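[1] dropping the sequence and predicted coords here.
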Amino acid sequence: MNIQDFPACPFTKFDKDWALLTAGTQDDFNSMTISWGGMGTIWGKPVVFLFVKPVRYTHEFVSRHDEITVSFYDGKYKKALGIFGSKSGRDTDKPKAAGLTPKPLAQGVTYEEAKETLVCRKLYMQPMDKDAIPEACQASFYSLPGETQSHSLVIAEVLEIQ
């Protein structure tokens with residue numbers, strides 16, 4: 001699919017539909033459900049903007065690898081995506097528990113069941129400055145006891161759509 005022809009509603013694609021972020025290679029990858037993200041253009045490239053908390057196991061993979069995929073699914077996979085969002089790859093084989101089939105790509109990993117996969121290369125990763133986040137958002141999203149870190153912003157170039 002031509003990247004410019006990707007039919008996505010930017011205000012529901014992540015928040016309502018959810019997606020799986022997978023980082024790494026076929027020999028070393030992990031996936032998690034994401035609902036915070038966006039798509040656009042920066043530095044003359046089509047990109048996705050993603051937000052990952054450092055406590056998530058997938059954060060380690062995004063830090064180590066430039067290969068990233070963002071995959072979208074039909075609604076019937078919402079329960080499977082819930083497993084990827086509530087279990088840790090540190091102690092759970094999430095693909096097996098969710099009933100999804102990993103699919104190695106030339107760059108990265110996706111799943112056979114994905115309706116669409118954005119094949120991406122990480123361009124930028126930086127922790128968000130918690131003090132610069134509006135107070136109301138800090139209270140809603142960063143006020144749990146012991147919570148000291150905000151999300152990392154990840155910008156990844158979309159290389160192709162499968």
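    Sure, I can see it. Predicted model, so just to flag it, every value in this text is computed and none were measured. Residues are numbered from 1 along each chain as shown.
[2] going by C-alpha atoms from here, please, whenever you check contacts or count neighbours.
    Fine.
[3] tell me which residues in the longest strand anywhere in the chain are buried?
    Counting residues, the longest strand in the chain under DSSP state E turns out to be strand 116-127. When burial is assessed from 16 or more other CA atoms under 10 Å, strand 116-127 yields the following buried residues: 116, 117, 118, 119, 120, 121, 122, 125.
[4] tell me the two of those residues that are most distant?
    Using CA to CA, the buried residues of strand 116-127 reach their maximum pairwise distance at 116 and 125, which is 23.7 Å.
[5] can you list the weak-confidence ranges in the protein?
    For the chain, the stretches with pLDDT under 70 are 146-147.
[6] let me see the ranges of the strands in it.
    Using DSSP E, the strands of the chain run over residues 19-25, 28-34, 37-42, 45-52, 67-72, 102-104, 109-111, 116-127, 152-161.
[7] residue 59: which of those is closest?
    When those are ranked by proximity to residue 59, the top entry is strand 45-52, at 6.2 Å, counting by CA to CA.
[8] picking that back up, using CSV, write down the CA coordinates of the longest strand of the chain.
    What follows is strand 116-127, C-alpha atoms only, in CSV (Å, rounded to 0.1, in the frame of the first residue of the first chain):
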residue,chain,number,x,y,z
GLU,A,116,-2.4,-3.5,8.5
THR,A,117,1.2,-3.2,9.6
LEU,A,118,3.3,-0.1,9.5
VAL,A,119,7.0,-1.2,9.0
CYS,A,120,9.1,1.5,10.7
ARG,A,121,12.6,2.6,11.6
LYS,A,122,13.1,4.4,14.9
LEU,A,123,14.4,7.9,14.3
TYR,A,124,14.2,9.5,17.8
MET,A,125,13.5,8.4,21.4
GLN,A,126,13.5,10.8,24.3
PRO,A,127,11.9,10.8,27.8
